[in-house]
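Trainee: Provided below for reference: sequence and predicted model.
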Amino acid sequence: MAVTTDETDDVEEGTGGSGTAPPRRGMGRIAMAVSVFGELLITAGLVLGLFVVYSLWWTNVLADREADKEANKVRDTWASADSGPGALDTKDGIGFLHVPAMKNGEVLVKKGTSTKILNGGVAGYYTDPVKATLPTSDKDGNFTLAAHRDGHGAKFHNIDKLKKGDSIVFETRDNWYVYKVYDNLPETSKYNVKVLSDIPKESGKKKAGKYITLTTCTPVYTSRHRYIVWGELVRVERVNAERTLPKELR
Amino acid sequence: MYGWIWRHLPGNVWVKALISIVLTLAVVYALFQYVFPWAEPLLPFNDVTVNDQ
C-alpha cells in the first residue's frame, strides 16, 4: 500500500527521491481520503467490538456489584428488624430467587420490570401490564418475574436449562416458597401478555392456584422473542433461626 | 489520521507511545462510561419483558 502511494507520488508530482522524503508528504488527495476512510472503518470496527465487550461483560460486572450491595442491605434489614413492619420492604427488594438448575446463586427480587430496575442485576416482578400476585399475600395468582438473559447480570441466562420438575425457591424473610416447574414456552411473542395471567391457560392450567412465571428474552443475545417458564407452588417452609436451606437447595 | 496524530505528538518515540496509550485509555473510558450507556437503550437487544406496546 505505502509503496504504491510512493510511486504515484513520483509520477504525479515528480518530486523524486522517494527513499529520502517521508512517504506521506506528497500523498495524493485521493490516496489520503482513502486512507482516512480506511482508518475510520477500522476504528468503527474496534468500537463495535468494544460495545460487545461492554454489553456482555462490563454490564454484568456493574450489575452484580450493585445487586450484591442491595442484597446485603436486604439481609441486614432481615437480620436486624425482628419486629419490623413486615417482610414487605419493596424498596430494597422483597426476597431472593434460588434456581439450582440455572446455577447462578441467589437473585434479588425487586418491584417493577423497568429497564432501570432490571439493569441493577435483579429479577423484577411485574406491575404492568399485569400485576404479579406476591406469594407473601397468600392469595391465588401468578408471581410473574422478568430478568435479563445477557448483560446486566444476565440472571436468567440459563433459563433453558430448567426442565419439568426442577425447583424454583423464593426466599423471603420468613418463608421458603418452593415451586416446581411444570411447563415452559421456548418461544413466544413479546406481546403475549396472557402468559402473565393469574391462571396461565397456555400452560394447560384451568384452575386458580399459586403459580410462578419467569420471563426473559430468547434466542440468546437478541430480544426477538420471549422465553417463558411456569411453576406451581408445592409447599411453604418456615425460615428457622439458622436459615437452614430447604432440601431443594442442599 | 492516526499517522497525523502520531506526528503531532511531542517527544521521542517512547513519550509518543506513552501518550498514545493514555489517549486510547481515555477514549475507551469515555465509551464505557458515557457513550455505551447512552446508546444501549436505543438498540433492540435488551428487552426482556412481555408487554402490550
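Mentor: Yep, that arrived. Residues are numbered from 1 along each chain as shown, chains lettered A, B, ... in the order given.
Trainee: Name all residues that make contact with B:Ile5.
Mentor: Counting by C-beta atoms under 8 Å, 6 or more residues apart in numbering or on different chains, B:Ile5 touches B:Ser20, B:Leu23. (C-beta placed from N, C-alpha, C; glycine too.)
Trainee: Return the set of buried residues in the longest helix along chain A.
Mentor: As far as residue count goes, and with DSSP state H defining each element, the longest helix of chain A is helix A:29-53. If you call a residue buried by 16 or more other C-beta atoms under 10 Å in any protein chain shown, then helix A:29-53 has these buried ones: A:Ala31, A:Ser35, A:Leu50, A:Phe51.
Trainee: Stretch A:121-137 too?
Mentor: Of the residues in stretch A:121-137, A:Gly121, A:Val122, A:Ala123, A:Gly124, A:Tyr125, A:Tyr126, A:Val130, A:Ala132, A:Thr133, A:Leu134, A:Pro135, A:Thr136 count as buried by neighbour count, 16+ other C-beta under 10 Å.
Trainee: restrict those to those near chain B?
Mentor: Cross-checking the buried residues of stretch A:121-137 against chain B (C-beta under 8 Å from any C-beta of the partner chain) gives A:Tyr126 as the overlapping residues.
Trainee: from the buried residues of stretch A:121-137, which is closest to chain B?
Mentor: Ranking those by separation from chain B, with C-beta to the nearest C-beta as the measure, puts A:Tyr126 on top at 7.3 Å.
Trainee: returning to what we had before: ok, and of the buried residues of helix A:29-53, which contact chain B?
Mentor: Residues of the buried residues of helix A:29-53 in contact with chain B (C-beta under 8 Å from any C-beta): A:Ser35, A:Leu50, A:Phe51.
Trainee: now those residues as JSON lines including pLDDT?
Mentor: Formatted as JSON lines, these follow (pLDDT from 0 to 100):
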{"residue": "A:Ser35", "pLDDT": "91"}
{"residue": "A:Leu50", "pLDDT": "96"}
{"residue": "A:Phe51", "pLDDT": "94"}
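Trainee: What parts of chain B come near chain A?
Mentor: Counting by C-beta under 8 Å from any C-beta, chain B comes close to chain A at B:1-3, B:28, B:31-32, B:36, B:39-41, B:44-52.
Trainee: returning to what we had before: following element in sequence after the longest helix of chain A, please.
Mentor: Next along the chain after helix A:29-53, taking DSSP states H and E as the criterion, comes helix A:59-80.
Trainee: Other residues contacting that next one?
Mentor: A:84, A:87, A:89, A:92-93, A:95-96, A:106-108, A:110, A:119-122, A:148, A:151-154, A:173, B:40.
Trainee: Relative to A:Val122, how far out is the spatially most central residue of chain A?
Mentor: Residue closest to the mean C-alpha point of chain A, counted by C-alpha atoms, centre = their mean, is A:His148 at 1.8 Å. Separation of A:His148 from A:Val122 (C-beta to C-beta, to the nearest Å) stands at 9 Å.
Trainee: overlap in contacts of the two?
Mentor: Residues touching both A:His148 and A:Val122 comprise A:Lys155, with contact defined as C-beta under 8 Å, 6+ apart.
Trainee: can you give me the offset of the longest helix of chain A from its chain's centre?
Mentor: When distances are taken as C-alpha atoms, centre = their mean, to the nearest Å, helix A:29-53 is centred 31 Å away from the chain's centroid.
Trainee: which secondary structure elements does that helix contact?
Mentor: In terms of contacts (3 or more C-beta pairs under 8 Å, 6 or more residues apart in numbering or on different chains; DSSP states H and E), helix A:29-53 is packed against helix B:36-39.
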